[in-house]
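In: Fold the stuff below for me.
(one chain, ligands or ions: 1)
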Amino acid sequence: MPLKMGVATVTMNRPPVNSLNTEHLETLHRTFIRLENEKCRGMILTSSSPTVFSAGLDIREMYKPELEKARKFWRTLQDMWLKLYSSPYPTVAAINGHAPAGGCLLSLSCEYRVIVPKVRMGLNETQLGIVAPQWFQDCMRNAIGEREAEKALIAGRMFSSEEALKVGLVDEIAQNKEECIQKAEAFLASQANLPMLARKTVKLGFRHQTLSRLLTGREADTKIFIDYIFQPKVQKGLEMYLQSLSKKAA
Ligand SMILES: CCCCCCCCCC/C=C/CC(=O)SCCNC(=O)CCNC(=O)[C@H](O)C(C)(C)COP(=O)(O)OP(=O)(O)OC[C@H]1O[C@@H](n2cnc3c(N)ncnc32)[C@H](O)[C@@H]1OP(=O)(O)O
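Out: Coordinates of the predicted model:
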């Protein structure tokens with residue numbers, strides 16, 4: 001995590017697709033805590049993969065899990081998201097590859113998004129027979145508005161880079177990763193002279209409702225997750241989805 005002029009670039013590096021398992025989520029969470037403690041001036045979140053930003057939650061964490069491990073997985077996801085979404089420093093996602101589901105959530109949790117061409121992003125959970133949790137949905141709604149979010153979430157729509165720009169899911173398209181990072185740095189530079197306390201207070205004001213909805217209902221949210229994924233038909237769906245992903249690779 002190099003810090004250049006107080007700006008950190010956090011590069012996710014969990015091959016092959018940066019899927020988010022408990023360990024990877026813990027690493028991200030620790031990183032965001034450290035950045036806050038070190039009074040970082042801005043953060044760029046990106047991926048070491050040339051084609052995938054993040055494939056979202058690691059489906060193997062939800063397929064036939066042990067109960068306690070599944071609980072820990074979900075709580076770690078909540079912890080990571082609460083830290084990122086409420087970060088006092090400015091955040092940009094340099095989306096240099098596909099960003100489905102939890103990968104899209106990561107980018108939506110940043111303040112500004114730059115994407116490369118010919119990739120897809122969105123909350124596709126419905127298409128997998130699972131449901132994007134309320135706070136995932138809130139992040140989408142906060143980015144693109146009620147009507148577009150409702151349509152996208154019901155359909156589990158994956159947006160192309162161009163469609164994402166049109167609907168406001170991302171702020172800019174860059175031609176490649178290098179330009180993506182340049183544009184991310186330019187956004188952070190545009191924020192650098194703003195008084196930090198005022199900036200942070202306004203950001204948290206906008207995000208307060210979404211954050212408190214989870215903060216006040218964390219246990220209930222965990223229970224909803226557990227009850228949902230332990231349903232036999234959901235497990236069957238996850239099994240078939242994992243098989244389809246593996247078949248594709250074969
Ligand atoms: C009121 C009720 C409320 C209910 C609340 C319910 C709560 C449930 C919450 C559920 C929330 C879920 C959020 C999620 O994030 S679910 C994950 C969704 N992710 C996806 O759908 C992405 C799947 N992956 C892909 O589409 C592609 O992999 C890719 C990202 C486009 C990349 O494609 P590429 O061709 O480069 O790579 P491969 O597809 O060949 O994959 C390489 C190997 O990686 C494995 N893989 C891929 N994605 C995942 C994943 N998300 N988890 C685990 N493993 C993954 C894939 O199987 C290949 O593995 P192999 O080499 O061993 O075969």
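In: count of residues packed around residue 241?
Out: The local packing count at residue 241 equals 16, with neighbours defined by other C-beta atoms under 10 Å. C-beta coordinates here come from the backbone N, C-alpha and C atoms, glycine included.
In: How about the backbone phi and psi for it?
Out: phi -70, psi -40 (degrees, to the nearest 10).
In: didn't it look like it was pressed against residue 128?
Out: Yes: under the criterion of C-beta atoms under 8 Å, residue 241 makes contact with residue 128 at 5.5 Å.
In: any idea how far residue 90 is from residue 43?
Out: Residue 90 sits 7 Å away from residue 43, taking C-beta to C-beta, to the nearest Å as the criterion.
In: To which secondary structure element is the residue positioned nearest the centre of the chain assigned?
Out: The structure's the chain has its C-alpha centroid closest to residue 106; by C-alpha atoms, centre = their mean the separation is 1.3 Å. Taking DSSP states H and E as the definition, residue 106 sits inside helix 102-109.
In: do that helix and the ligand meet at all?
Out: Yes: Helix 102-109 is in contact with the ligand by C-beta under 6 Å from any ligand atom, via residue 102.
In: buried set for that helix?
Out: For helix 102-109, the neighbour count (16 or more other C-beta atoms under 10 Å) marks 102, 103, 104, 105, 106, 107, 108, 109 as buried.
In: my guess is the fifth one contacts residue 45, does it?
Out: So that's residue 106. Yes: with contact defined as C-beta under 8 Å, residue 106 reaches residue 45; the gap is 6.5 Å.
In: Could you name every residue contacting both of the two?
Out: Contact criterion C-beta atoms under 8 Å, 6 or more residues apart in numbering; residues bridging residue 106 and residue 45 by contacting each: residue 93.
In: Doesn't residue 163 belong to a helix?
Out: Yes: with DSSP: H, G, I helix; E, B strand; the rest coil as the criterion, residue 163 is part of a helix.
In: Let me see the confidence value for it.
Out: Looking at residue 163, its pLDDT stands at 98.
In: How about it: what's its closest non-neighbour residue?
Out: In space, residue 163 comes closest to residue 169 once its chain neighbours are excluded; the distance is 7.9 Å by C-beta to C-beta, 6 or more residues apart in numbering.
In: Tell me where this structure has strands.
Out: Taking DSSP state E as the criterion, the chain contains strands spanning 3-4, 7-12, 42-47, 91-95, 99-100, 112-115, 120-122, 159-160, 172-173.
In: Show me the helices in the chain, by range?
Out: Under the criterion DSSP state H, helices of the chain are mapped to 22-37, 67-85, 102-109, 134-144, 146-155, 161-167, 177-191, 196-215, 218-229, 232-249.
In: now the protein, which segments are flagged as low pLDDT?
Out: In the prediction, the chain carries residues with pLDDT under 70 at positions 1-4, 247-250.
In: try it again with 80
Out: Along the chain, the model assigns pLDDT under 80 to residues 1-5, 247-250.
In: Quick one: name the residues of the chain near the ligand.
Out: Contact residues, the chain versus the ligand (C-beta under 6 Å from any ligand atom): 16-17, 19, 51-52, 55-60, 98, 100-102, 124-125, 128, 130-131, 133, 224-225, 228-229, 245-246, 248-249.
In: Narrow these to just the buried residues.
Out: Here, 16+ other C-beta under 10 Å leaves 17, 19, 52, 55-59, 98, 100-102, 124-125, 128, 130-131, 133, 225, 229 buried among the residues of the chain next to the ligand.
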